[in-house]
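In: Just the structure for this:
(one chain, ligands or ions: 1)
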Amino acid sequence: MNQYDSCWLRYERVPKGRLDSYRRRCLHAYVAEKAPELSAVRDELRRALPELLGRDPHFWQHPPTTTDGFLAIGTPDDMAMIAESVGTDVVDDLADGGYLLRSVTWNGQDCLVVTAPTDRGLVYGTFHLLRLLNTHEPVDDLDVCEEPTYENRLLNQWDTPFHRSVERGYGGESIFDWERLPDLRPRYEDYARLLASIGINGIVFNNVNTTKPERASANAAFDAFEGWQLLESHRLEAFTSLASVFRRYGIRPYLSVNFAAPMLVGDLDTADPLDEDVRAWWRAKADEIYELVPDFGGFLVKADSEGQPGPYDYGRDHVDGANAIARALEPHDGRVWWRAFVYGTHEDRAVQAYDTFQPLDGDFADNVTVQIKNGPIDFQPREPVSTLFGAMPETDLGLELQITQEYTGQGVHATYHLPMWNEIFAFDTHADGPGSPVHSLFRGDGEGIVGVGSVGEDHSWTGTYLAQANLYAFGRVAWDPEMPAETVTEEWVRQTFGTDENVVDTVTRILHDSWEACIDYETGGLGLMHMMHNGEEHLENHFYPSPDEWPGYHGATDEGIGVNRTSTGSGYAGQYRGPVAGRYESVEDCPEELLLFFHHLPWTHELEDGTTVVQRLYDNCFAGVEQARQLRDEWQSLDGEIDERRFRHVAERFDEQVAQAERWRDVLTDYFYEHSGVPDEQGRVGND
Ligand code: GCV
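Out: The predicted structure is shown next:
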């Protein structure tokens, strides 16, 4: 048995109906010889085709002269057959990563062509073709043309090097063993395959918290090591081997770095971004890295946030800080991704990021991207979108989403993030007047979409098998945010659990209903959030309910609940543009699902349908638990339809999820009752 799961790259035998057509076109293959990416393509075909087709394909060393049909993979320059059957111009016009798949007739034979202007595009095109074969789609009239919507589609690994832990990772310890580099583990390549198959083109190694591991590791010997040390010369040399694994799959490596690296790694006594020695240190470090890793993408920086050092330590601002490092990367085409996740003096944390960054619009260097979390707080089950989206037109921006389920049930609950992401993407910012959805931003050069990763050493990679869907969906929306949710989800289910229609429908339904269920039992809905235990004593914090720990986030008092973020409160609503600000400012117009994020209201305030706030909170908490039970029952109905190992594991997780949901419901409803004194109309709370 495999040490770990193949996720959606399973490759099982295609049923008879499709087999002939697939064999006719794919049992002979020619993959152009040259770039490392093309050897990865050949390897993938060697893995996949024998499993899918039940025959070993023949790989030609030169353009085939066979009388059979064949699969041709290369750029038009690589092969006359491709140039003549597809045309050079149409391929050259595609963006980096774009590709074409075509069924063509060549010398009277049925052939398939995968072509692209860049080697990376050939990798994506090959994975697309294998997805079609794996899900038994027809290929006889294939004419697919794809281009990525966003230039950058990055994974942020919050893996803490040397400790082998993953901050907010629920799939076990880190897969990356930095101590053993340059020795490589097979898992690295499988991870690169998974990422490339969904179009990811950059990976940022190292936790953004690069100093002071919060928790001692199991092996105290490692406590001396911290993530900033990855910039030390001997570690950078070892890093080259890891970088080469990802390079074969068109994935550029990046590193999270510590702002004070000139002092920590170098021997300077300041990290002041305006100091000439500091600038020279960053320049020399960048030169050293690019000498070793020529396709290095750049640095990610978390500065002046949660104990990480930053420009404020020297009385400078974020522009000074980001630009100083960016200048060092600029000659190498490298980029700084500078996080906007900052705290400050505001009582309402929501206000901070906009207040800090918006006035700096236009001042960042051309190779700086400001990376912004989807909402103003911190990856809560539901948040309004960040006010910075659309507010910095002169700055390259990146949208940061969380793939890992920090606040949505961690490695236990089935909570699918795609519906949340689609809600975010569809939100109209009014940045350029009506019709300026979030997905229309981040499309410029140097911009893109970033996901905080979720994988670890567990067999499932992600703690629970259903959470693999979040990683898959992230890659797909970062490629095309307008792809219908059903398409993305069904693709994942078919590749992961097979094409039986009942299985596909059931798992798709479970995933799509799971997010709202989580919101209901973990918050009561209506825009409440951050009601969880926040202690730092173990990794599972943010998992259990504890609404009295941080009352500032939900604003519960004996009179009412919610936070006033209107002009009479913190003023956050006013950071949105025109009509959006007006909508959130008004109790009547504010969408119900965000009402208590923007308004502090009496417990007995009546909602549109006449239900009181407190009654709606009770109802939602109970409905969330019912929904969790329903999801569990639906999964149970698949007993015998899914292999025992995965079926049982997920079934056990669902039992745990239902128990957790009941716990959340009981703690929250008791808390609401304690403050409101209003019993539940249905006698479930406060009627003893
Ligand atoms: C990497 C939240 C998380 C932290 C995380 C931080 C961030 O506070 O709980 O684990 O730290 O966000 O995004 O930097």
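In: contacts and neighbour counts: CA atoms only from here.
Out: Noted.
In: for the stretch 201-350 of the chain, what spans make up the strands?
Out: Ranges of strands in the stretch 201-350 of the chain, per DSSP state E, counting those that start in this stretch, are 202-205, 252-257, 298-301, 335-339.
In: residue contacts, Asp320?
Out: With contact taken as CA atoms under 8 Å, 6 or more residues apart in numbering, Asp320 is in contact with 273-274, 311.
In: actually Val86, not the one I wrote
Out: Arg102.
In: Check the spacing between it and Gly334 real quick.
Out: 34 Å (CA to CA, to the nearest Å).
In: Give me every residue in the stretch 501-650 of the chain lying close to the ligand.
Out: Proximity of the stretch 501-650 of the chain to the ligand, by CA under 6 Å from any ligand atom, involves no residues.
In: what packs against the top helix by length along the chain?
Out: Taking DSSP state H as the criterion, the chain has its longest helix at helix 644-676. Under the contact criterion of 3 or more CA pairs under 8 Å, 6 or more residues apart in numbering; DSSP states H and E, helix 644-676 touches helix 501-523, helix 613-636.
In: Going by neighbour count, which residues in that helix are buried?
Out: 647, 650-651, 653-655, 657-658, 660-673, 676 (16 or more other CA atoms under 10 Å).
In: right, and Phe497 touches Ile642 too?
Out: Yes - applying CA atoms under 8 Å, one finds Phe497 in contact with Ile642, separated by 6.8 Å.
In: Identify the residues contacting Arg382.
Out: 420, 519, 527, 529.
In: Near the third one, how many other residues are there?
Out: Right, Gly527. 24 (other CA atoms under 10 Å).
In: picking up where we left off before, name the nearest of the contacts of Arg382 relative to the ligand.
Out: Met529 (13.8 Å; CA to the nearest ligand atom).
In: On the three-state scheme, the residue nearest in space to the middle of the chain is what?
Out: Closest to where the C-alpha atoms of the chain average out (CA atoms, centre = their mean) is Gly451, at 2.6 Å. At Gly451 the chain is in strand, as set by DSSP: H, G, I helix; E, B strand; the rest coil.
In: The ligand contacts on the chain?
Out: For the chain, the residues in contact with the ligand (CA under 6 Å from any ligand atom) are 167-168, 208-209.
In: Same list, those, but as a markdown table with pLDDT and neighbour count please.
Out: Below are the residues of the chain next to the ligand laid out as a markdown table (pLDDT from 0 to 100; neighbours: other CA atoms under 10 Å):
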| residue | pLDDT | neighbour count |
| --- | --- | --- |
| Glu167 | 93 | 23 |
| Arg168 | 94 | 22 |
| Val208 | 96 | 25 |
| Asn209 | 94 | 26 |
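In: Distance to Gly444 for the residues you listed - can I get that in TSV?
Out: Listed next are the residues of the chain next to the ligand as TSV, based on distance: CA to CA, whole Å:
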residue	distance to Gly444
Glu167	30
Arg168	30
Val208	24
Asn209	28
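In: and which of the residues you listed is nearest Gln61?
Out: Minimum distance to Gln61 across the residues of the chain next to the ligand is 44.8 Å, recorded for Val208 (CA to CA).
In: For the closest one, which residues are in contact?
Out: By CA under 8 Å, 6+ apart, the residues touching Val208 are 158, 256-257, 300-302.
In: now do Phe127
Out: By CA under 8 Å, 6+ apart, the neighbours of Phe127 are 196-197.
In: Need the pLDDT of it.
Out: Predicted confidence (pLDDT) for Phe127: 98.
In: so which helix or strand takes in it?
Out: Using DSSP states H and E, the element containing Phe127 is helix 119-134.
In: What's the local residue count around Thr568?
Out: Other residues close to Thr568 by other CA under 10 Å number 9.
In: Redo the strands of the stretch 201-350 of the chain as CSV? Include mean pLDDT and distance to Val385.
Out: Below are the strands of the stretch 201-350 of the chain laid out as CSV (pLDDT from 0 to 100; distance: least, CA to CA, whole Å):
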stretch, mean pLDDT, distance to Val385
strand 202-205, 98, 24
strand 252-257, 98, 25
strand 298-301, 98, 22
strand 335-339, 98, 16
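In: Next, format the contacts of Asp320 as JSON lines and append neighbour count and pLDDT.
Out: What follows is those, written out as JSON lines (neighbours: other CA atoms under 10 Å; pLDDT from 0 to 100):
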{"residue": "Pro273", "neighbour count": "26", "pLDDT": "98"}
{"residue": "Leu274", "neighbour count": "15", "pLDDT": "98"}
{"residue": "Pro311", "neighbour count": "21", "pLDDT": "98"}
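In: Which of those sits closest to the ligand?
Out: Distances from the ligand to the contacts of Asp320, taken by CA to the nearest ligand atom, are shortest for Pro311, at 16.5 Å.
In: OK, contacts around that closest one?
Out: Pro311 neighbours (CA under 8 Å, 6+ apart): 259, 272-273, 303-304, 317-318, 320-321.
In: Quick check: the gap between it and Ser305.
Out: Look at Pro311 and Ser305: by CA to CA, they are 11 Å apart.
In: tally of neighbours for the residue lying closest to Trp158 once chain neighbours are set aside?
Out: Distances taken as CA to CA, 6 or more residues apart in numbering place Asn207 nearest to Trp158, at 3.8 Å, with adjacent residues excluded. Counted with other CA under 10 Å, residues neighbouring Asn207 total 26.
In: Tell me who's in contact with Trp338.
Out: Trp338 sits next to 300-303, 322, 368-371 when contact means CA under 8 Å, 6+ apart.
In: and if you look at Pro437?
Out: 425-430.
In: among those, which ones are buried?
Out: 425-430.
In: Let me know the closest of these to Glu593.
Out: Phe427 (13.8 Å).
In: give the contact list for Val319.
Out: Going by CA under 8 Å, 6+ apart, the list of residues near Val319 reads 360, 363-364.
In: PyMOL command to pick out the buried ones of those residues?
Out: Per 16+ other CA under 10 Å, the buried members of the contacts of Val319 correspond to this PyMOL selection:
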select buried, resi 360+364
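In: Closest to Tyr407 out of the contacts of Val319?
Out: Using CA to CA, these come closest to Tyr407 at Leu360, 30.7 Å.
In: ok, now how distant is the closest one from Glu383?
Out: 24 Å.
In: Kindly tell me how buried the residue of the stretch 301-450 of the chain found nearest the ligand is, as a neighbour count.
Out: Closest residue of the stretch 301-450 of the chain to the ligand, CA to the nearest ligand atom: Asp378 (6.1 Å). Neighbourhood size, Asp378 [other CA under 10 Å]: 19.
In: Mind telling me what element it is part of?
Out: Per DSSP H and E, there is no helix or strand for Asp378.
In: Quick check: pLDDT value at it.
Out: With respect to pLDDT, Asp378 scores 96.
In: Kindly report the same for the one 5 residues further on.
Out: Looking at Glu383, its pLDDT is 98.
In: again with the one 3 residues further on
Out: The predicted local distance difference test score for Ser386 is 98.
In: What are the neighbouring residues in contact with it?
Out: So Ser386 contacts 372-376 (CA under 8 Å, 6+ apart).
In: What helix or strand is Arg153 located in?
Out: Applying DSSP H and E, one finds Arg153 within strand 152-156.
In: what's downstream of that strand, the next helix or strand?
Out: strand 159-160.
In: counting contacts, what elements does that next one pack onto?
Out: strand 165-166.
In: which phi and psi does Tyr30 have?
Out: phi -130, psi 120 (degrees, to the nearest 10).
In: Please verify my assumption that it contacts Thr66.
Out: No - using CA under 8 Å, Tyr30 is not in contact with Thr66, being 11.0 Å away.
In: The two - which one has more neighbours?
Out: Tyr30 (21 against 11).
In: pLDDT score assigned to that one?
Out: Value listed for Tyr30 in the pLDDT field: 96.
In: Over to the residue of the stretch 451-600 of the chain found nearest the ligand: give its phi and psi.
Out: Nearest residue of the stretch 451-600 of the chain to the ligand (CA to the nearest ligand atom) works out as His542 at 7.8 Å. With angles defined as degrees, to the nearest 10, His542 sits at phi 70, psi 20.
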